[in-house]
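Novice: model the structure of this input:
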Amino acid sequence: MKLASAAVALLSSTLPVVTVAQECLLGSFTLEFDGECTAAKVLETYTEQVYEAAGATATSCTTSAEDDLNAKLAAAGIADASELCDQVYATQHKVPFTAAANRGTDLHFEQMFYNGRTDWQEEVETLYEAKDENGGKAVTSRLREDARKVGEFYRADGQYSRVSWPGEGTNALPNFDSCPSNAAMCCWPKDRQANDNNGNCAKAYDENCVDKDPADNTNLCYVDVERGNSSTGEDGKGFIAFPGDNNDGEGAIHCHGFAWADDKYDSISRYKANNLFFVSMYDHMHQRGYVENIPGNPMCGCMDQMPIVTRSDCTQVDLTEDWEVIFDGTDMTGHLTKVEIDFNACRGRNNR
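Specialist: Numbering: from 1, shown residues only. Next up is the predicted model:
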């Protein structure tokens, strides 16, 4: 009997002691913060708004704010605050990209658009296609009217919601379904809109806006035709070289691109579709009238599908995001309550 008791005592002394952090705060709470959702931000907000709130924590509590929060996350089946943020990002509502043009939901119009081949790109305002009610000449193919949904979308979801990337999901566009360099670009050789302080299209349209040029911001070196086959649907091969520039080469060309991060939850990655919409449909077509594609390559696509040029302008997204995290005593969930997107010129090293 004495031997058995000694053995039990020895066994118990060798077992590890597991200490579970005791929650100091019970019940529900709501956290509100802005900026990026990170583990550090969630903990900072929990500490300030809940744990250190007046009268919230008993003086006898020895559990830290971090351990207290982690205990609640574990009870809700969430590994840590980083996983909570990942869940918020993964479940963030996305507006279909097709809502921007409002020309169907199968991305067929968008496929034609990004190859430079829709009525928005091939037509130019004219007085020779229709008559008004009095028998006089009537304006048709006015870009701002035909593409008015683009302006409406920019003023709403384009700036205040996350837009889905057209290179993913059903009917994914081959222009954007694989971008190994995490960058995309558009290049335009034509201007079709007057009086917008961009390009040399002018009124009267039928005389002064025929095959007009955008503002020239690059030098087109050459086109590798095979690079664009996956998007254009052609089976071209070979190269088209432009050894000169301007009138001695390709004429006026305007290129503009954007890039995103490897981290799919980085802000510039989550809102890359908003940037694509802004650069291609709103800023350059709707506002400036820049249209069509460089022959052999799509109008817009991943960098590995585009012409070789000396430079490109660039746009980045800058965000304002407001968050809410709710704990009901059992489950913890987070969601965005506000999104505001600004589109600005890219800043590189040292903000240059």
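
Novice: could you look up the SS state of the spatially closest residue to residue 346 that is not a sequence neighbour?
Specialist: Counting by C-beta to C-beta, 6 or more residues apart in numbering, residue 346 lies nearest to residue 314, which is 3.6 Å off, once chain neighbours are set aside. Quick note: C-beta positions are derived from backbone N, CA and C, even for glycine. Classification of residue 314 using DSSP: H, G, I helix; E, B strand; the rest coil returns strand.

Novice: how close does residue 314 get to residue 261?
Specialist: Distance from residue 314 to residue 261, counting by C-beta to C-beta, to the nearest Å: 14 Å.

Novice: what does residue 71 give?
Specialist: Using C-beta to C-beta, residue 71 is found at 33 Å from residue 261.

Novice: and these two? Which one has more around it.
Specialist: Neighbour count, other C-beta atoms under 10 Å: between residue 71 and residue 261, residue 71 has more, with 17 against 13.

Novice: helix or strand: which one has residue 82?
Specialist: Assessed by DSSP states H and E, residue 82 sits inside helix 81-90.

Novice: residue boundaries of the helices in the stretch 1-150 of the chain?
Specialist: For the stretch 1-150 of the chain, applying DSSP state H, counting those that start in this stretch gives helices covering 2-14, 39-46, 65-75, 81-90, 108-114, 119-122, 143-146, 148-155.

Novice: can you give the distance from the helix or strand following the last one to the centre of its chain?
Specialist: Spelled out, that is helix 148-155. Following helix 148-155 in sequence order, the next helix or strand is helix 157-160 (DSSP H and E). In terms of C-alpha atoms, centre = their mean, to the nearest Å, the centre of helix 157-160 is found 11 Å from the chain centre.

Novice: what does stretch 196-204 give?
Specialist: Distance, centroid of stretch 196-204 to centroid of chain: 30 Å (C-alpha atoms, centre = their mean).

Novice: quick check: buried residues in that stretch?
Specialist: 198, 199, 201 (16 or more other C-beta atoms under 10 Å).

Novice: stretch 107-123 too?
Specialist: 107, 109-118, 120-121, 123.

Novice: show me which pair in those residues is furthest apart.
Specialist: 107 and 123 (21.3 Å; C-beta to C-beta).

Novice: any stretches of the stretch 101-250 of the chain with poor pLDDT?
Specialist: Residue ranges of the stretch 101-250 of the chain with pLDDT under 70: 246.

Novice: next: the stretch 251-352 of the chain.
Specialist: Applying pLDDT under 70 to the stretch 251-352 of the chain flags the ranges 349-352.

Novice: can you show me the helices along it?
Specialist: 267-270, 272-277.

Novice: mind checking which of the ones you listed is nearest residue 164?
Specialist: Per C-beta to C-beta, nearest to residue 164 of these: helix 272-277, 5.9 Å.

Novice: what packs against that closest one?
Specialist: Judged by 3 or more C-beta pairs under 8 Å, 6 or more residues apart in numbering; DSSP states H and E, helix 272-277 is in contact with helix 157-160, strand 162-163, strand 254-259, strand 313-327.

Novice: chain center to that helix, what's the gap?
Specialist: Computed by C-alpha atoms, centre = their mean, the chain-centroid distance of helix 272-277 equals 4 Å.

Novice: contacting residues around residue 46?
Specialist: Each residue near residue 46 by C-beta atoms under 8 Å, 6 or more residues apart in numbering is listed here: 31, 65, 68, 69.

Novice: kindly recompute the last result at 10 Å.
Specialist: 25, 29, 31, 33, 52, 65-66, 68-69, 72-73, 81, 325, 327 (C-beta atoms under 10 Å, 6 or more residues apart in numbering).

Novice: same check, this time on residue 147
Specialist: Contacts of residue 147 (C-beta under 10 Å, 6+ apart): 100, 101, 102, 103, 118, 119, 120, 153, 281, 282, 285, 286.

Novice: next: residue 80.
Specialist: Applying C-beta under 10 Å, 6+ apart, we find residue 80 in contact with 39, 42, 43, 69, 70, 73, 74, 86.

Novice: so how far is residue 228 from the residue lying closest to residue 179 once chain neighbours are set aside?
Specialist: Closest residue to residue 179 apart from its sequence neighbours, by C-beta to C-beta, 6+ apart: residue 302 at 3.8 Å. Applying C-beta to C-beta, the value for residue 302 to residue 228 is 10 Å.
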